[in-house]
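A.B. asks: Here's my sequence, what's the structure:
(one chain, ligands or ions: 2)
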Amino acid sequence: MLSRWRRTADSEGQVVLLSGDAGIGKSRLVQSTRDRIGAEVAVLRYQCSPLHQDTALFPVIQQLMKSIGLVGEQSIADKLAKAQQWLQMGGLDVAEHLPLVCHLLQIKSPEHRLPDASPHQIRDRLVALLSTQFMNLTKFGPVLAIVEDVQWIDPTMENLLIDVLGSIEHAQAMILATNRDAFSPRWHVAGYTTNLRLERLSGADSRRLIQAIAGNRLSRICRPASRRAPRACRSISRN
Ligand SMILES: Nc1ncnc2c1ncn2[C@@H]1O[C@H](COP(=O)(O)OP(=O)(O)O)[C@@H](O)[C@H]1O
Ligand SMILES: [Mg+2]
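C.D. replies: Ligands and ions are numbered 1, 2, ... in the order given. Reported below is the predicted structural model:
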């Protein structure tokens, strides 16, 4: 992952797809990669959630609310000023896009209502806006976008990422995504994608791990074949 990041810093966009069972260590690897690439890098984190698979763009909404500071009680004027600043940061036209951002972030400003449009049209416009904003940010320096737990992604968020992937080769950006399942072929950009799969531990590695944690407390007589766990195992399972 670090070698892919070095390519990104040389202006060659990368996609790293990390898959493996729950608890195998995907997030830990992502975090240690993040820790090693330097504090000055722009890092955007998108966390998919099993509770919000039906909420369009949920990971982006959460990320934006946090990064532009919309968490907690605030006046509408304060929220508008922050949304406006965010648009300006990416060089986007404020008058044109503010109503869309208000809609996305639920900023209830009567002067910034969206003109009538179908939900489908609104989603398409949001994907286009967010994709452009992302690409604009990569012009200021390398960006690491972490997308965690793609098994729970909502379809609009996935469309947004696929849109971004379409231009990744020209962007100073690395998309680092984790997934319990294999990634769909839509995520693969020929020549720019690295697939990493964390396999389950072998029996021997599992035994070494358990031994390292339990040490002498683990009795040699503790075998899976025994119908009722012997005393030594019972005392371990209570701890
Ligand atoms: N290399 C490692 N050494 C020690 N603990 C680890 C290691 N990798 C993962 N863990 C721990 O295992 C647990 C599950 O790891 P996590 O990265 O959250 O898995 P995943 O994201 O694949 O579900 C966490 O508590 C994590 O700190
Ligand atoms: Mg994880």
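A.B. asks: From now on I want contacts and neighbour counts done on CA atoms only, so please keep to that.
C.D. replies: Will do.
A.B. asks: Next secondary structure after the helix or strand that contains residue 134?
C.D. replies: Remark: residue 134 resides in helix 119-137, with elements defined by DSSP states H and E. Per DSSP H and E, the first helix or strand lying C-terminal to helix 119-137 is strand 143-148.
A.B. asks: ok, residue 187 touching residue 162?
C.D. replies: Yes - Residue 187 lies in contact with residue 162 (C-alpha atoms under 8 Å); the separation is 6.5 Å.
A.B. asks: Just the pLDDT at the most centrally placed residue in the chain, thanks.
C.D. replies: Closest to where the C-alpha atoms of the chain average out (C-alpha atoms, centre = their mean) is residue 147, at 1.6 Å. According to the prediction, residue 147 has pLDDT 98.
A.B. asks: how about it, what does it touch?
C.D. replies: Contacts for residue 147 (C-alpha atoms under 8 Å, 6 or more residues apart in numbering) come out as 45-48, 175-178.
A.B. asks: Could you do residue 60 as well?
C.D. replies: 46, 157.
A.B. asks: tell me which element it falls in.
C.D. replies: Residue 60 belongs to helix 58-67 when assigned by DSSP H and E.
A.B. asks: Same check on residue 19?
C.D. replies: strand 14-20.
A.B. asks: Now do residue 205 against residue 212, distance only.
C.D. replies: 10 Å (C-alpha to C-alpha, to the nearest Å).
A.B. asks: Residue 190 too?
C.D. replies: Taking C-alpha to C-alpha as the measure, residue 190 and residue 212 are separated by 42 Å.
A.B. asks: Ok, residue 176 next?
C.D. replies: Separation of residue 176 from residue 212 (C-alpha to C-alpha): 31 Å.
A.B. asks: Of these two, give the one with the bigger neighbour count.
C.D. replies: Set residue 176 next to residue 212 and count neighbours by other C-alpha atoms under 10 Å: residue 176 wins out with 22 against 10.
A.B. asks: Which residues of the chain lie near ligand 1?
C.D. replies: Residues of the chain found near ligand 1 (C-alpha under 6 Å from any ligand atom) are 22-28.
A.B. asks: from those, which single one is nearest residue 131?
C.D. replies: residue 27 (24.6 Å; C-alpha to C-alpha).
A.B. asks: and that closest one, that's in a strand?
C.D. replies: No - applying DSSP: H, G, I helix; E, B strand; the rest coil, one finds residue 27 to be helix, outside a strand.
A.B. asks: Is residue 181 located within a strand, as I assumed?
C.D. replies: No - read with three-state DSSP, residue 181 is coil and lies in no strand.
A.B. asks: what's around it, how many residues?
C.D. replies: For residue 181, the neighbour count with other C-alpha under 10 Å is 15.
A.B. asks: same deal with residue 39?
C.D. replies: 9.
A.B. asks: What of residue 16?
C.D. replies: For residue 16, the count of nearby residues is 21 (other C-alpha under 10 Å).
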